[in-house]
Every structure is written in structure tokens, then in C-alpha cells.
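Engineer: mind looking at a prediction? Sequence and model below.
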Amino acid sequence: MSAFLRDTTATPFVSPGAATALLDAYRPATDRFLASPHHTLLGRGTAAGIPHDTRPLTWRVRNVLNARRRAGASAPVVVGSVPFAPDAPHSLVSPQSVQWGPPLREDPLIALPALLPEGGTVWQVREVPAPEQYGQAVADAVTRMRSGEFTKVVLARTLELTSPDEPDLPAMLSRLARRDPAGYTFAVPSGPGRTLIGASPELLVARTGGRLTGNPLGGSAARSTDLAEDVQRAAALLESPKDLHEHAVVVDAVREALAPFCTRLEVPERPTLVRTATMWHLSTTVTGELTDPGVTALELALALHPTPAVCGTPTDVARAVIAESEPFDRGPYTGMVGWQDADGDGEWVVTIRCAEAEGRSLRLFAGAGVVAASSPEAETAETGAKFRTFLEAMGASL
């Protein structure tokens with residue numbers, strides 16, 4: 001395998017294909033794959049699990065990493081996912097071995113096309129809730145917001161897909177990565193017999209030494225295959241009062257959560273655009289300098305989670321509305337997935353544009369931010385557009 005070890009003191013020689021070698025080497029059940037604009041990570045096996053108990057998660061992670069370092073591991077990390085619900089079990093482990101590579105976008109081999117499944121897999125699809133029921137939940141939330149109960153809620157729906165054969169997860173991961181090599185692609189075990197796989201556009205927070213970076217998103221528009229129309233949609237998103245308000249709610253919450261940790265926090269006044277293969281998003285890059293260099297990436301991520309981009313505001317009210325409106329358990333969806341090392345550096349990504357695989361089934365997730373100016377038709381269409389990220393990686397469509 002062509003790859004290199006992460007080394008903070010030197011720049012290693014990187015051979016062409018190093019990142020795609022890690023991507024191609026991924027195997028479900030035992031491996032954990034994460035790719036970001038900064039590096040590619042493949043963790044193999046499990047050296048230590050992170051216990052699920054009442055002690056703070058940051059303490060449990062730090063304790064395991066320190067124990068591994070004392071046992072002789074030179075650069076231990078914790079990798080995995082944390083769910084949406086605060087009391088639900090996480091899926092975090094310290095792998096037996098970790099290989100690091102360059103970013104996928106810098107690997108010339110990533111430009112090679114990914115093959116679609118042969119033979120046209122037939123999927124049985126069930127929408128939960130049905131589009132009309134989802135639209136009614138949006139309408140009910142809008143009515144409550146206009147009466148002053150809360151400001152925003154993110155409502156999601158799922159596609160439950162079943163096929164005669166188990167899906168080829170390595171091939172699916174490869175197609176996701178090749179469609180958007182500059183994004184955040186992941187595949188990690190999420191429970192016994194289950195795998196969380198996806199390609200998120202949203203960085204929750206990263207910490208490198210005393211510096212943090214976050215990239216909250218909020219406000220979206222579907223891409224168009226027509227170039228002129230696609231440019232118009234992007235321009236309209238930048239001027240949309242509804243989407244700018246939705247984005248501002250998210251950015252304000254991120255600023256409020258991170259400010260207590262920082263001597264300096266820079267938040268641009270206006271958002272820019274981030275694009276994926278299927279969506280445009282309003283984006284703000286937040287940077288800061290930590291007051292206490294001992295604050296870890298996971299501690300910062302937990303202070304942010306869940307942002308209004310995946311839950312709503314006020315958080316407690318939005319959680320209650322979600323529980324009343326969504327006829328399914330989100331599990332890892334709208335949680336976070338990422339890694340942290342023993343020095344506290346790490347990267348945590350918002351778990352969106354994803355699916356959970358189990359046996360012959362896939363459960364896809366998509367949500368939309370609902371504010372007082374929302375319409376049931378527009379939010380239902382937005383979730384449909386977000387499903388496209390994964391459906392196209394499967395060679396399927398609604």
C-alpha cells in the first residue's frame with residue numbers, strides 16, 4: 001500500500017496515488033475511513049474502545065488516549081461518530097493502526113471515474129415520512145414559529161432502501177469520494193452490523209494547536225445541470241432573505257458557543273458559497289485563537305453540537321419539535337464524525353449527506369432548516385435534492 005505516516009516535524013515524500021490507495025484499501029466492519037481537505041485517514045482494527053457511561057465523554061477519550069500513549073503507542077487517535085441524541089451510545093474507538101495520506105483532491109488518481117454498479121440493482125424504497133406528511137410537519141412548525149414558540153427547527157426525513165444483495169460499501173465510498181474529493185467523506189462502524197457512510201460538506205470544528213476553525217452552513221439551493229441556471233441559483237441564494245436569516249441564526253449560535261474559549265474569534269460579516277455535486281450552501285468560515293491550549297477538538301465540538309443548522313433554536317424546544325414530528329430515530333444522523341489525537345488536535349464534521357447500512361438495507365437521511373418564511377413545498381424539494389448525493393453514488397434515483 002502506498003501511504004505515509006503523519007509527522008508534525010517533517011514533510012514526507014508523497015507518491016501519486018497515496019490517498020486513493022487508502023480509499024481503495026477500505027474494508028467495512030473493521031476499518032474507519034475519513035477524508036478531508038487536509039488529509040486522508042484509514043484506521044484499522046480496534047486497540048481500545050471508548051466506554052459509554054456517565055463520565056464526560058471528553059474525559060473518557062482523553063483517558064483512553066493517554067493510556068495508549070503510556071503503553072507505547074506513539075501517535076494514538078480516537079476515530080468514529082457521536083449521535084444526535086445527547087444520551088445515545090457513541091461509536092468511538094482508538095484503532096490498532098492508523099495510516100495518513102494527503103488530501104484526496106491532491107491525488108491525481110482521484111480524477112479517474114468511478115464505475116456505477118453493473119446490472120442495475122433494484123431497490124425497494126420507502127419514504128419515511130411520506131412527502132405529504134413531511135410537508136404537513138413543516139406547515140405545523142411554521143404556524144408555531146409565527147406564533148412565537150421558537151425561531152427555527154430542522155426537520156428530516158428518510159429513505160429506507162432494500163435490495164436482494166448487500167450493497168458494495170467500498171465501491172459506494174469510492175463513488176462518494178470521487179464526486180466531491182474536496183469535501184468530507186467518511187465510512188465508520190456505527191453499531192453492531194451497521195456502517196455509517198457519507199460525504200458531508202460541513203466542518204463542525206477543527207483544532208490544530210491553539211487555533212480553531214469552523215465552517216457553519218445554513219441556507220441551501222439545489223444545483224442545476226444547466227450552467228447559466230446554476231449560476232442564477234447561486235446568485236439568488238446569496239440574496240435570499242429567508243436563507244440569509246437561516247444562516248445568520250446558525251452563525252450567531254456558533255459565535256456564542258466558541259467565544260468563551262477564545263482570546264480572538266473572527267466571524268465574517270457576510271457568507272460566501274460552498275458547492276457540492278448537488279447543492280449550493282451559504283457558508284461562513286470562523287477562525288479563532290484558544291485561550292487555553294488544553295481545550296481539545298472534541299470539547300469544542302461538543303460545545304457546538306447540535307448547531308441550529310441540524311437542530312434549531314432554542315435547542316431544547318427544537319429537539320422537542322423534532323421528537324414530535326419525525327417518526328424515526330436519527331441515530332448518528334446530524335451527530336458528528338471525526339477524529340482526535342492525544343494532543344487534543346482533531347477534526348469533527350457534521351454528519352449529513354449520509355446513510356446507515358445494515359445487511360441488505362440502507363437508510364438515507366436528509367433534512368431542511370424550517371423558519372417562519374419556509375414553505376412545505378420548498379423544504380420537501382430541498383430534502384429531495386439532498387438525497388441525490390447518495391442516490392447518485394448508488395446509481396439510483398427517486
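Structural biologist: Sure, I can see it.

Engineer: can you check the pLDDT for Ala221?
Structural biologist: Looking at Ala221, its pLDDT stands at 92.

Engineer: and it, which helix or strand is it part of?
Structural biologist: Following DSSP states H and E, one finds Ala221 within strand 217-222.

Engineer: what does the average pLDDT come to for the helix or strand following that strand?
Structural biologist: Following strand 217-222 in sequence order, the next helix or strand is helix 227-239 (DSSP H and E). Averaged across helix 227-239, pLDDT comes to 95.

Engineer: would you confirm that Ser163 contacts Ala357?
Structural biologist: No - contact criterion C-beta atoms under 8 Å: Ser163 and Ala357 do not qualify, at 10.8 Å. For every residue, glycine as well, the C-beta is placed using N, CA and C.

Engineer: so which bits of the strand holding Ala221 are buried?
Structural biologist: For strand 217-222, burial by neighbour count (16 or more other C-beta atoms under 10 Å) applies to Leu217, Gly218, Gly219, Ser220, Ala221.

Engineer: which strands and helices sit next to it?
Structural biologist: If you count contacts as 3 or more C-beta pairs under 8 Å, 6 or more residues apart in numbering; DSSP states H and E, strand 217-222 packs onto helix 227-239, helix 241-258, strand 279-283, strand 361-370, helix 376-394.

Engineer: so what are the sheet partners of that strand and their directions?
Structural biologist: Here strand 217-222 is paired, per DSSP bridges, with strand 279-283 (antiparallel).

Engineer: distance from stretch 373-384 to the middle of the chain?
Structural biologist: Relative to the centre of its chain, stretch 373-384 is centred 21 Å away, using C-alpha atoms, centre = their mean, to the nearest Å.

Engineer: restricting to C-alpha, output that stretch in CSV.
Structural biologist: Once non-C-alpha atoms are left out, stretch 373-384 reads as follows in CSV (Å, rounded to 0.1, in the frame of the first residue of the first chain):
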residue,chain,number,x,y,z
ALA,A,373,-40.7,32.1,5.9
SER,A,374,-40.5,28.4,4.9
SER,A,375,-42.9,26.6,2.6
PRO,A,376,-43.7,22.9,2.8
GLU,A,377,-43.2,22.5,-1.0
ALA,A,378,-39.7,24.2,-0.9
GLU,A,379,-38.5,22.2,2.1
THR,A,380,-39.7,18.9,0.7
ALA,A,381,-37.9,19.7,-2.6
GLU,A,382,-34.7,20.6,-0.7
THR,A,383,-34.6,17.2,1.1
GLY,A,384,-35.2,15.5,-2.2
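
Engineer: what is the mean pLDDT for it?
Structural biologist: Stretch 373-384 comes out at a mean pLDDT of 94.

Engineer: what residues does that stretch touch?
Structural biologist: 131, 134-136, 138-139, 141-142, 155-157, 220, 222, 241-242, 245, 366-368, 370, 398 (C-beta atoms under 8 Å, 6 or more residues apart in numbering).

Engineer: Glu356 - that's part of a strand, no?
Structural biologist: Yes - under DSSP: H, G, I helix; E, B strand; the rest coil, Glu356 sits within a strand.

Engineer: list the residues that contact it.
Structural biologist: Glu356 makes contact with Ser190, Arg194, Thr195, Leu196, Ile197, Gly331, Pro332, Tyr333, Leu362, Arg363, Phe365, according to C-beta under 8 Å, 6+ apart.

Engineer: and for Pro260, the neighbour number?
Structural biologist: 10 (other C-beta atoms under 10 Å).

Engineer: state the distance from it to Val82.
Structural biologist: 21 Å (C-beta to C-beta, to the nearest Å).

Engineer: quick revisit: out of the contacts of stretch 373-384, which end up buried?
Structural biologist: Applying 16+ other C-beta under 10 Å to the contacts of stretch 373-384 flags 131, 134-135, 138-139, 141-142, 155-157, 220, 242, 245, 366-368, 370 as buried.

Engineer: pLDDT below threshold where in the protein?
Structural biologist: 1-16, 115-121, 395-398 (pLDDT under 70).

Engineer: okay, helices next: where are they in it?
Structural biologist: 18-25, 57-70, 131-146, 169-179, 227-239, 241-258, 297-304, 315-325, 376-394 (DSSP state H).

Engineer: surely Arg319 and Val310 touch.
Structural biologist: No - using C-beta under 8 Å, Arg319 is not in contact with Val310; the gap is 10.8 Å.
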